[in-house]
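Participant: just the structure for this:
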Amino acid sequence: MLPLALAPVPLNDSHWINLTWSEQFTALMRQGIIWPRWLPWSHDGLGAPVFYFYGPVAFWAAGLLGLIGLGTWPSLLGAALMSLGCSGIAMHAFLRGHAERPLLGSAFYMAAPYHLLDFARRGALAEFTAIALLPLVAIGIRRAVQGRPAILAVAYAMLIMTHLPIALLASIFLVPMVSLAEGGANKIGIARIIGGLVLGIGIAAAYLLPALVLQPFTAIPTMQGATLLRPANWSVATFLQGSVPALVLLAAIGLALAVTAANLLATRRDAWGVFVLAMVGLGLGLFPPVWLISPLDHVQFPWRILSLAEFGTAVLIARSHLARPQLFLVCFLPLLLSTLLARSDSARGCPRSSQG
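Facilitator: Numbering: from 1, shown residues only. Sure thing, here's the model as predicted:
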C-alpha cells in the first residue's frame, strides 16, 4: 500500500469509479443513510442505482473511515489495507493446526501477485475485499462439518454482498474443494454445508432480492454482449498478444502459479496442487467451453479465478515439507511478480468492467 499512498491518486481502470462511488456513499452515510443504494449526484444529477446491484461491504469499510474524517482516497486506501491484513489473519486462522507452516502460507496469500494487482493496478476494491473473505468461508465450511454452520452463513453472506462474481466462482469451485478436504463429503457433512450456504443466502437476501427483481429494468444484457466482457472470448493467445501490458502480466501470474504448484506436486502429492493447476487453466482460457455455461458466462473475466488458484497455492506452501530455502526457490516466480507490482510505475491498464 505504501507506493500507492506516496504516488498521485490513480485514475486508471476502476480507481476513478471507486472515488466517485465512495465519495457519494460516504456523504449519504453521513446523512444517516446506512445503506445508500441510489447515488443521486451521478450523471450530472440524474443519479445512478449503483448499490441496488453492486455489493456494499467494501464501501461500508471505506465509508466508516470517511466518517471519522479521512478523505475519499485515504479512506479507500485504508479499506484496502484492512482487507489485506484481514486476508492474512483469516488465512492463518484457516491453516493453523492443519498445516505445518501456516505463517508462510498466510504471508504468501497476502503477497500473492494477482491479489496485489487486483487493487494496485485494477482498482478492484470489492474483488480485493472478497479475496480476504475466502478463508473465512473455508473456516465456515470446517465449522459446519463439525455441526456449527453460523460462521459459514455469515461469511458466505458477506462474500455475496461484497462481490458476486467471486462469490459465484467460490461457490462452484472453492466450496466443493474445501468440503472434500475437510471431510464434508458424507451426507451429514454435505447437509450441514448446504444448510450454512442457504442460511447465508437468506442473510444476503436484502441485497440479492432487489438486484434480481430489478434485472428487467436494466441494460445489463447489453453490457454482457460486449466482446471484452464475455469470459469465453479470452484465451492464452489473447493474454500474450502484448497489446495491453497488464494482460501479459496476468498470463505471467497464471504461469508462475502453475509452475509453483507443479514443483510442489513433484515433492508431495496433494489434491490442492491439482486444484491450482485447474484454476490456472480455466483462468488463462485453456477450456473456453466452460465459460459458456450459465452462470459462469456472467463473471466477465476468466482471470478472476486466479484468486482461487492463489488460495490453493497458499495451502500448498503451508503444507509443504521442503526446507525454507528450497520453498523460497519454488515460490520465486510469483514473489518476483509481486515485487514488480509493488513498483508505483508498473505497467497499468486492464479492460474495464462495470466496476472491479
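
Participant: in the stretch 201-350 of the chain, which spans are helices?
Facilitator: Using DSSP state H, counting those that start in this stretch, the helices of the stretch 201-350 of the chain run over 205-213, 220-224, 236-240, 245-267, 271-283, 306-319, 324-330, 332-341.

Participant: for the ones you listed, give me CSV that also has distance to residue 5 and mean neighbour count.
Facilitator: Placement of C-beta: from N, CA and C, glycine included. Output for the helices of the stretch 201-350 of the chain, formatted as CSV (distance: least, Cβ to Cβ, whole Å; neighbours: other Cβ atoms under 10 Å):
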stretch, distance to residue 5, mean neighbour count
helix 205-213, 31, 14
helix 220-224, 33, 11
helix 236-240, 30, 16
helix 245-267, 21, 21
helix 271-283, 29, 22
helix 306-319, 23, 27
helix 324-330, 28, 14
helix 332-341, 15, 18
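
Participant: relative to residue 93, which of those helices is closest?
Facilitator: Proximity to residue 93 (Cβ to Cβ) singles out helix 306-319 among the helices of the stretch 201-350 of the chain, at 12.0 Å.

Participant: which neighbouring elements make contact with that closest one?
Facilitator: Here helix 306-319 touches helix 72-95, helix 102-111, helix 113-120, helix 125-145, helix 164-169, helix 245-267, helix 271-283, going by 3 or more Cβ pairs under 8 Å, 6 or more residues apart in numbering; DSSP states H and E.

Participant: again, only this time at 7 Å
Facilitator: On a contact count with 3 or more Cβ pairs under 7 Å, 6 or more residues apart in numbering; DSSP states H and E, helix 306-319 meets helix 72-95, helix 102-111, helix 113-120, helix 245-267, helix 271-283.

Participant: can I get these in CSV with distance to residue 203 and mean pLDDT?
Facilitator: As requested, the helices and strands packed on helix 306-319 are exported to CSV (distance: least, Cβ to Cβ, whole Å; pLDDT from 0 to 100):
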stretch, distance to residue 203, mean pLDDT
helix 72-95, 19, 97
helix 102-111, 25, 97
helix 113-120, 25, 94
helix 245-267, 32, 91
helix 271-283, 27, 97
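
Participant: can you lay out these as TSV showing distance to residue 184?
Facilitator: Below are the helices and strands packed on helix 306-319 laid out as TSV (distance: least, Cβ to Cβ, whole Å):
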stretch	distance to residue 184
helix 72-95	14
helix 102-111	21
helix 113-120	26
helix 245-267	23
helix 271-283	14
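
Participant: which one of those helices lies closest to residue 337?
Facilitator: Nearest of the helices and strands packed on helix 306-319 (Cβ to Cβ): helix 113-120, 4.0 Å.

Participant: show residues contacting the closest one.
Facilitator: 4, 80, 124-125, 127-128, 131, 249, 253, 256, 306-307, 310, 334, 337-338, 341 (Cβ atoms under 7 Å, 6 or more residues apart in numbering).

Participant: can you find the helix or strand in this protein with the smallest mean pLDDT?
Facilitator: One helix or strand of the chain scores below all others by mean pLDDT, DSSP states H and E: helix 220-224, with a mean of 67.

Participant: columns distance to residue 158 on top of the helices of the stretch 201-350 of the chain, output as JSON lines?
Facilitator: Compiled in JSON lines, the helices of the stretch 201-350 of the chain are given as follows (distance: least, Cβ to Cβ, whole Å):
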{"stretch": "helix 205-213", "distance to residue 158": "10"}
{"stretch": "helix 220-224", "distance to residue 158": "23"}
{"stretch": "helix 236-240", "distance to residue 158": "31"}
{"stretch": "helix 245-267", "distance to residue 158": "26"}
{"stretch": "helix 271-283", "distance to residue 158": "22"}
{"stretch": "helix 306-319", "distance to residue 158": "16"}
{"stretch": "helix 324-330", "distance to residue 158": "32"}
{"stretch": "helix 332-341", "distance to residue 158": "26"}
